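# Turn this into a structure:
(one chain, ligands or ions: 2)
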Amino acid sequence: MEFKNETIRDFSLEKERSAMHSALDSLPKSFPFEIPISIGTKEKISPNSFFHKNPWSPDLVVTKVSLAKPNDLEEVVKVSKKSWFEWKQVSQEERSNLLIRVADNLVSKKDFIISVCIWETGKQVTEAEVEFAEAVDFCRYYAMIAKEKLSPQKTILLGEDNFYSYHPKGIVGCISPWNFPMAIFTGMCAGPLVSGNIVVAKPAEETSATAYEITKCFWEAGIPREIFHFLPGLGSEIGEAIVTHPEVSVINFTGSRDVGLSILRKASIVSPNQSIIKKVICELGGKNAMIVDADADLDVAIQAILSSAFGFQGQKCSALSRLYVHSECYLKLKDRLIAAMDGLLIGSPLDFSNRIGPVINEESYLRLQKIQKENANFLVGKTCPVPDLGFYISPSLYEPPNNSDMWNSEMFGPILSMRKISSFSEGIQLTNQSDYALTCGVISRNPKHVLEAKSNIDAGNLYINRGITGAVVNRQPFGGGKLSGTGAKAGGPDYLYLFVEGKTYTENTMRQGFSRETLT
Ligand code: NAP
Ligand code: MG
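Ligands and ions are numbered 1, 2, ... in the order given. Okay, here's the model as predicted:
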């Protein structure tokens, strides 16, 4: 089986644009989408609900989301226990085939799912297209590697048979963020499912409709509803219940550092009726740097900086927020960057020429406005104008003092800080002065410096002479170290091992009186 990444469409072509426009335009008549709770084959609407507003037109309610409660999880556990034995018996070949079918179902609903995501998040169509392709890639890639990586190994010696095999761990709680509701949600569920586990998915409340449409693609492909449950709701309620439930074996979490660290603490407590040690996978935030070297190609640098710092309004764990520029090209780069930022069009993603859209919700909007206000004295460049209506934040560039929190805290918005360095080594030293270690970029034409960067920079994903976002499945397994995560590499060859445990059988075949014939 050969793996090929999903094709990315070119929206400079009229035919592609018009297909996407009709899909986008067809949605609002059905708003608000009602998102149910799904436990096994039963779906229900709860009177407790959450309303998510469209980020560029906040008068429009896009979804009405039923909020799952801890007793819903109890039911999930009951149904799962009954269904797991049968699911475990399904061959790896068949489970992989089901996941390939999920990928095909996703592709058949491509424009619709991308449109739902855009209305929920305010993501630009080109960003959404790339993200969608990643979701499809996760399914196809995990389907392929499951067969290769999870097959049993035998070591037969004279008088001794050894057999090593992988077994699913049980119920996996998949708690996902809103910023990549197609790719991350799909990948976090596909991995545990293809390796034979039960999945309880808890999407971020803001992107429950995108997650629900994707979940339907899994069910329609033949993944039984009894082994893939959908519990939308609040992190503080159903999220916490999943984390602390004695029969949830694995917490597969992607989100913020604070929530991730609190999950690690809570999941480490073994309750009296618990007979498992929970495994916690936490993929968290970043405070990602880029070093622009003295001899850097500034055309490459500007492109890389704009897309990495401001793509999807900087709301990516991989986004660039610390820029270290060599003194020899500092002023030149700064001037060019400010001019380039000036050319970014801000507005609704329905107009495909806009490069910057709104941020996800009012809470983020107010938080980012506050940061901008507090740092107004250090502002050196800003994209204007922004539309009056909607949660728009201007991309902005700062030169904060060295002791500013702008160098330490994840901004999760279109806010970039820059600082002069006098040597490439100083850039590396500053880059590593962070609790996070997710992505990093180096723009340099000096082979010695590139080598130095590869050996000395703390980052899960280091990119050289290009942007630092948009990891591609199989090509760039993604995930960070230090306080950016527990070390999982999504879209990489080791990912599925997180959801299985190995068992070894050793049999002495030299026993006295033993006859293989008696077995038949
Ligand atoms: P978040 O606030 O941490 O939420 C992530 C998920 O956790 C949501 O589903 C949330 O539910 C849930 N949650 C909140 N509190 C919880 C609790 N006490 N127990 C269990 N679950 C809980 O993060 P976000 O705002 O959605 O996403 C942005 C963050 O994710 C950023 O820090 C970003 O860097 C990080 N991220 C990391 C990666 C990576 O691969 N390393 C990728 C993408 C994003 P609600 O629906 O209630 O919010
Ligand atoms: Mg949230």
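# Regarding Ser318, what is its secondary structure?
When states are read from DSSP: H, G, I helix; E, B strand; the rest coil, the local structure at Ser318 comes out as coil.
# how far away is it from ligand 1?
Between Ser318 and ligand 1 the computed distance is 8 Å (Cβ to the nearest ligand atom, to the nearest Å). Where you see a C-beta, it was placed from the backbone N, CA and C, and this is true even at glycine.
# what number of residues lie near that residue?
By the measure other Cβ atoms under 10 Å, the count of residues near Ser318 is 24.
# Quick check: phi and psi on it?
phi -90, psi 0 (degrees, to the nearest 10).
# Identify the residues contacting it.
Shown in contact with Ser318 (Cβ atoms under 8 Å, 6 or more residues apart in numbering): 286, 288, 308, 438-439, 461, 468-471, 478.
# how about a cut-off of 6 Å?
439, 468-469 (Cβ atoms under 6 Å, 6 or more residues apart in numbering).
# Please identify, among those residues, the one with the most neighbours.
Counting neighbours by other Cβ under 10 Å, the top entry in the contacts of Ser318 is Thr439, with 31 neighbours.
# just to revisit the earlier point, which ones among the contacts of Ser318 are found in strands?
Residues from those lying in strands, with DSSP state E as the criterion: Thr439.
# Redo the contacts of Ser318 as JSON lines? Include distance to ligand 1 and pLDDT.
Supplementary listing: the contacts of Ser318 in JSON lines, determined by distance: Cβ to the nearest ligand atom, whole Å; pLDDT from 0 to 100:
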{"residue": "Thr439", "distance to ligand 1": "9", "pLDDT": "98"}
{"residue": "Ile468", "distance to ligand 1": "13", "pLDDT": "98"}
{"residue": "Thr469", "distance to ligand 1": "11", "pLDDT": "98"}
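# Now do the domain split for this protein, please.
Structural domains of the chain, as assigned by automatic domain parsing, span the residue ranges 14-284+485-503, 288-464.
# Those residues of the chain touching ligand 1, which are they?
Proximity of the chain to ligand 1 is confined to 175-180, 184, 202, 204-205, 234-236, 239-240, 243, 254-256, 259, 262-263, 283-286, 317, 410, 412, 438, 479-480, 485 under the rule Cβ under 6 Å from any ligand atom.
# Of those residues, grab the buried ones for PyMOL.
Command for PyMOL that selects the buried part of these, burial taken from 16 or more other Cβ atoms under 10 Å:
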select buried, resi 175+176+177+178+179+180+184+202+204+205+234+235+239+240+243+254+255+256+259+263+283+284+285+286+317+410+412+438+479+480+485
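# In helices, which of the residues of the chain next to ligand 1 fall?
184, 240, 243, 259, 262-263 (DSSP state H).
# Can you tell me which of these is nearest ligand 1?
Using Cβ to the nearest ligand atom, the shortest approach to ligand 1 within these belongs to Val259, at 3.5 Å.
# Just give the closest residue to that closest one, not the sequence neighbours.
Distance criterion Cβ to Cβ, 6 or more residues apart in numbering; nearest residue to Val259, sequence neighbours excluded, is Gly235 at 6.6 Å.
# can you pull the pLDDT of the one you found?
At Gly235 the predicted local confidence, pLDDT, stands at 98.
# Distance-wise, check it relative to Val172.
17 Å (Cβ to Cβ, to the nearest Å).
# tell me which residues in whichever strand or helix holds Ser455 are buried?
Under the assignment given by DSSP states H and E, the secondary-structure element containing Ser455 is helix 447-456. Using 16+ other Cβ under 10 Å as the test for burial, helix 447-456 gives 449-450, 452-453.
# try stretch 154-174
Buried positions in stretch 154-174, judged by neighbour count with 16+ other Cβ under 10 Å: 166, 168-174.
# Keep only those of the residues you listed that are in strands.
Applying DSSP E to those, the entries found in strands are 166, 168, 171-174.
# Nearest to Asn48, out of the residues you listed: which one, please.
Taking Cβ to Cβ as the measure, Asn48 sits nearest to Gly173 out of these, at 20.1 Å.
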